[in-house]
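Participant: give me the fold of what follows.
(one chain, ligands or ions: 1)
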Amino acid sequence: MLAYLGPQGTFTEQAARGLAKPDDDLTPYDTVPAALDAVRRGDVDAACVPVENSVEGAVPATMDALASGDPLVAVGEIVLPVRFSILVRPGSTGSVKTVTSHPHALAQVRSWLAKNLPEAQVVPSSSTAAGARAVLAGEFDAAVSAPVAVHHYPLEELATGVNDVEDAKTRFLLVERPGTLPAPTGSDRTSVVVTAADRIGALSELLAELALRRINLTRIESRPTKGRLGEYRFYIDLDGHVAEPAVGDALAALHRHCPETRFLGSYPRAEAGVGKTDDSGFEAAAQWLTKIRTGNGA
Ligand SMILES: O=C(O)C(=O)C[C@]1(C(=O)O)C=C[C@@H](O)C=C1
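Facilitator: Now for the predicted structure:
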């Protein structure tokens, strides 16, 4: 059983279908934290959640829900192109006074709305499909939705391809309770959350641990810890798999700086063939150390 940010017709449902095993049943949840808590409780085996968008950046609800509560780990990712349609009730002829959608979707059509529906009041919803459902219920005049939503809700497309940026993409994670890690593929990503101490150079010391080991950072985002003002967590994505010597060594180093470092998974990258780390020196050095320690070399 696989949870996703629902209801039916969200981008996350499409991502979940791309990541699911053939025999997985899909269950919609109203929010990302609710989907992740269902995994924590064991009600479902996994959840598919949006993590970052090429236009609007990180999805805060996902980041916060992964950084707190019982640990969960990502075991897969998928990147989907995102295009938006404006959906209205069939035959609705009146002007559009209210538009609803997920905040990330609204942010990706901001210019289109300003130009084409400048008078419309914009109201956030919990997902693009929740917005479509609310339009069907008569709560709002229009929803910014995934084009597939018209197959789930009897609505009409007022306009399609309304996204301000062509080729926008969203990355989604498949998240499970900690267990056996996916095997390294040679093209993997590792995600961790660290809290940098409030002192000069703390963040650069963490990043230096990656640079020293020639590990490529693919993303760094900060979110407040929700404790003291000015205290931040850093979400770090890097190339490679924790089973590889360089990445394992770097994560151990991060843990020495920050014992609360939270491992968020090592998983195959959506784009195969990129993100290989160079471990040759690490393996040779480990063999050399073993020889010294066992009295077989110097
Ligand atoms: O509301 C949806 O359809 C979602 O799947 C969420 C979400 C997001 O969180 O960014 C996913 C992709 C799009 O960028 C817009 C919304």
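Participant: write out the residues of this protein neighbouring the ligand.
Facilitator: Residues of the chain found near the ligand (C-beta under 6 Å from any ligand atom) are 5, 10-12, 50, 53, 59, 82, 102, 104-105, 127-129, 146, 170. Bear in mind the C-beta positions are built from the backbone N, C-alpha and C, glycine included.
Participant: from those residues, which ones fall inside strands?
Facilitator: 5, 50, 53, 170 (DSSP state E).
Participant: among those, which pair sits farthest apart?
Facilitator: Leu5 and Asn53 (13.3 Å; C-beta to C-beta).
Participant: between those two, who's got more neighbours?
Facilitator: With neighbours defined as other C-beta atoms under 10 Å, Leu5 and Asn53 compare such that Leu5 has more, 31 against 20.
Participant: hang on, isn't that one packed against Val59?
Facilitator: No. Contact criterion C-beta atoms under 8 Å: Leu5 and Val59 do not qualify, at 9.4 Å.
Participant: please identify every residue contacting each of these two.
Facilitator: Both Leu5 and Val59 are contacted by 32, 49-50, under the criterion C-beta atoms under 8 Å, 6 or more residues apart in numbering.
Participant: looking at those, spot the one nearest the ligand.
Facilitator: Using C-beta to the nearest ligand atom, Pro50 is the member of the shared contacts of Leu5 and Val59 that sits closest to the ligand, with 3.6 Å.
Participant: for stretch 199-219, buried residues please.
Facilitator: Buried residues in stretch 199-219, counted by 16 or more other C-beta atoms under 10 Å: 203, 205-207, 209-210, 213, 215.
Participant: show residues contacting that stretch.
Facilitator: 52, 189, 194, 196, 220, 234-240, 246-247, 249-250, 253-254, 257-258, 275, 277-278, 282.
Participant: same check on stretch 8-16?
Facilitator: By C-beta under 8 Å, 6+ apart, the list of residues contacting stretch 8-16 reads 2, 4-6, 26, 28, 48-50, 78, 80, 82, 127-130, 132, 145-146, 148-149, 151-153, 170, 172, 174.
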